[in-house]
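Participant: can you look at this prediction? I've put the sequence above it.
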Amino acid sequence: MPDIDPFILARAQFAANISFHILFPAITMGLGWILLFFRVRFTTSGDPHWENAYQFWVKIFALSFAIGVVSGITMSFQFGTNWPGFMEKTGNISGPLLGYEVLTAFFLEATFLGVMLFGKNRVSNRVHLLACALVAVGTTLSAFWILSLNSWMQTPTGYVIRDGVFFVESWWAIIFNPSFPYRLAHMLIASMLTASFLVMGISAWRMKQKVDGPATLKIFKSVAVIAMVLAPLQVFVGDLHGLNTLEHQPAKVAAIEGVWETHSGVAFTVFGFPDEKTRTTKFALEIPYAASWILTHDINGEIRGLNEFEGEHPPVAIVFWSFRVMVAIGMLMILVAWWAGWQLFVRKQKPGPLLLHAASWMTFSGWVGVLAGWYVTEIGRQPWIVQGLLKSADVVADHSSGVMLSTFTAYMALYLFILISYIATLRYMATKPAASLIALGELQGMSVSHPTHQPALPAGK
């Protein structure tokens, strides 16, 4: 068995866990609000197409939610198995924040998810609508507490340290730490974009395969509007987040930009290969002064280089490239979203074959963007687990490389199997024909003045 540093394997295992886990909350946080929109539109208009849309997508929501919950539980165990020093030293802060997430978010989601999934014909329309709203709120509350803890690890405030242990000095300062508002907004928008492009992509696939129904185009138009608004907004929020990161985590910014020496008027490197041994970026394609202008809003602004953080800066290449992947995905999202808007609302045409192909290819683009952004955030904090105060190497468990390698391999095999199964399930659902015209006609012929008493139309039959 190869002799690999157990610390590296522990980091890789946690990275694998969180990379797999975050895929599913990234969908459910946004999809919960989209489902609520479908229910509201059906309630206010009585149009059965919105009910059909809800019935199809709530199944995907339930599947994603279940995998997200299970993988989240597995991930939390690793705090004790692989990183016991983290809880020993920061447990007075991280423990309550994780507990608040369970009490205020998970219980709320778990309580009303059953009503949302199985209560359509058992409770009034108003109660069912309320359950959908509370599940959507619960997913957002979950993100609130998890991101509060993660942001505190990036920009710690409101604490005192006694004998190496963190104690709470101000819960307000801990929860609303300097990077939290930007990180929360950035993640919530990313989740809405992830869900929107998933919905848009599967809808496009259904139209390409000629298994779409009247609801499919309505769904496509709705999420296209969401993407048209939120994709450019994410650029603005990302800019604010970048300014905050420059102030509080300059080493991360230096790695993102591949800035080796502190200087003014820094160029933005569009493409290149950072080399830490030679402290250069090879084959760099640069835009003069652009990095200073983006980060400081001054073309002659100074950016601190990696030379000021010798031995205490993150690995440059992966942070550098992850950031550019995230930005590239964001630009593609803007392009496809506005292409769809131009064709649907300006030319007032149905999506053409090229647009449907593009939207299909973008189905899981949100996953790529979220993972790339998460790697920038988490790897960009290294070598610290709590920025500037506690290093990751100081809190890792004393396991052998054999134990870590075997568990890492088992996790990767299991996650790969689940991920392939999940995507295959979505493909199977996407290729099932839309509701029959006869059943849809019967539903359309019913009275819409009391949507509560209308039977749900199962998707895919």
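Facilitator: Noted; the coordinates are in hand.

Participant: just give me the neighbour total for Cys132.
Facilitator: Around Cys132 there are 26 other residues, counting by other C-beta atoms under 10 Å. For every residue, glycine as well, the C-beta is placed using N, CA and C.

Participant: OK, contacts around it?
Facilitator: Going by C-beta atoms under 8 Å, 6 or more residues apart in numbering, Cys132 touches Gly32, Leu35, Leu36, Arg39, Met116.

Participant: which of those sits closest to Leu389?
Facilitator: Gly32 (35.3 Å; C-beta to C-beta).

Participant: give me the distance between that closest one and Leu108.
Facilitator: 11 Å (C-beta to C-beta, to the nearest Å).

Participant: so which of the two has more stuff around it?
Facilitator: Taking other C-beta under 10 Å, Gly32 and Leu108 do not tie; Gly32 has more neighbours (28 against 17).

Participant: what about that one, which helix or strand?
Facilitator: Gly32 belongs to helix 6-45 when assigned by DSSP states H and E.

Participant: again, but for Lys277
Facilitator: Using DSSP H and E, Lys277 is not contained in any helix or strand.

Participant: where does pLDDT dip in the stretch 351-461 of the chain?
Facilitator: Within the stretch 351-461 of the chain, the ranges that satisfy pLDDT under 70 run 434-461.

Participant: now do the helices in it.
Facilitator: Assigned by DSSP state H, counting those that start in this stretch, the stretch 351-461 of the chain shows helices spanning 353-361, 365-379, 401-430, 437-445.

Participant: do you know which of these lies nearest Pro6?
Facilitator: The closest of the helices of the stretch 351-461 of the chain to Pro6 is helix 401-430. By C-beta to C-beta, the value is 4.9 Å.

Participant: need the strands for the stretch 101-250 of the chain, in chain order.
Facilitator: Under the criterion DSSP state E, counting those that start in this stretch, the stretch 101-250 of the chain contains strands at 159-162, 165-168.

Participant: still on that earlier bit, what is the lowest-pLDDT residue among the contacts of Cys132?
Facilitator: Across the set of those, Met116 stands lowest in pLDDT, at 83.

Participant: give me the neighbour count for that residue.
Facilitator: A total of 27 residues lie near Met116 under the criterion other C-beta under 10 Å.

Participant: identify the residues contacting it.
Facilitator: Applying C-beta under 8 Å, 6+ apart, the residues contacting Met116 are Val58, His128, Ala131, Cys132, Val135.

Participant: give me that answer again for 6 Å
Facilitator: By C-beta atoms under 6 Å, 6 or more residues apart in numbering, the residues touching Met116 are Ala131, Cys132, Val135.

Participant: contacts only, for Ala337.
Facilitator: By C-beta under 6 Å, 6+ apart, the residues touching Ala337 are Ala227, Met228, Ala231.

Participant: for those residues, which one is nearest Thr216?
Facilitator: Lowest distance from Thr216 to those (C-beta to C-beta) belongs to Ala227, with 16.3 Å.

Participant: the closest residue to the closest one other than its chain neighbours sits in which helix or strand?
Facilitator: Nearest residue to Ala227 in three dimensions, chain neighbours excluded: Ala337, at 3.7 Å (C-beta to C-beta, 6 or more residues apart in numbering). Assigned by DSSP H and E, Ala337 belongs to helix 316-341.
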